[in-house]
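Undergrad: coords please:
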Amino acid sequence: MPPHDIPHDNFLNESARPDAASSNRRALRVGIGGPVGSGKTTLVGSLCALLRDSLSMVVVTNDIFTSEDADALREAAVLPTERIVAVETGCCPHTAIRDDIAANLDAVEQLETLHGDVDLTLVESGGDNLTAIFSRGLVDVQIFVLDTAGGDDVPRKGGPGVAMADLLVINKVDLAPHVGSDVDRMLSDARERRDDRPVTPTSLVDQSGAQPVADWITAQIATRRS
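TA: The predicted structure follows:
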């Protein structure tokens, strides 16, 4: 297995990254990572529901030995079933999104080719720890999801996912009073470690709770097109 102590800000060298001009013409590829149970699949489903009427979307999910996350999205009918593909990694989740991205990249490219003129591709990682960072050869931007039940000291402890993701989401803020977490502390600690990169709190009790994340993605797409 490839070593994991690679530089956080240079996941692939520049020669391995997609050509900038061609990248601007294709879908925005957004990686969504975070620990098990943080709400990644719920966030993906909510984003699909909020954006599917205005954007052409496809989704790739990652699980080690199952297609459970993809199946949950198909059951919820957030997109037509043929727009959701599962990758069974058979290995640690971070390996398939950072070190050996071939299976994910194949799935992304096949979906984008099949459906044509795709605006947004979401790639959901399997549940992993705070070191899970996507290769920039696979995605253009990354969202990292934490939840209040994981402990309000997690943002302070940092790690590549917390520090380097393009957007950090603190999820399940509605549960904070029940698990003894201080949301304001989590947000403050996260901002101290992120060099002005954005942090947003969410509660995905209903799909509208993902609107700040949907707005951020829409802004990313607008920036690329301009």
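
Undergrad: for the residue nearest to Q110 when sequence neighbours are not counted, give me its contacts.
TA: Spatial nearest neighbour of Q110, excluding adjacent residues (C-beta to C-beta, 6 or more residues apart in numbering): V85 at 7.7 Å. C-beta here means a position set from N, CA and C on the backbone, and glycine is covered the same way. Residues near V85 by C-beta atoms under 8 Å, 6 or more residues apart in numbering: 58-61, 70, 107, 110-111.

Undergrad: flag the shaky bits of this protein, pLDDT-wise.
TA: Across the chain, the ranges flagged by pLDDT under 70 are 1-24.

Undergrad: try it again at 50.
TA: 1-21 (pLDDT under 50).

Undergrad: what about G158, how many residues close to it?
TA: Number of residues near G158 (other C-beta atoms under 10 Å) recorded here: 16.

Undergrad: tell me which of the contacts of V85 fall in helices.
TA: 70, 107, 110-111 (DSSP state H).

Undergrad: which of those residues are buried?
TA: Buried by 16 or more other C-beta atoms under 10 Å: 70, 107, 111, out of the ones in helices among the contacts of V85.

Undergrad: can you tell me the closest non-neighbouring residue to A176?
TA: Leaving aside its chain neighbours, A176 sits nearest to T148 (4.2 Å; criterion: C-beta to C-beta, 6+ apart).
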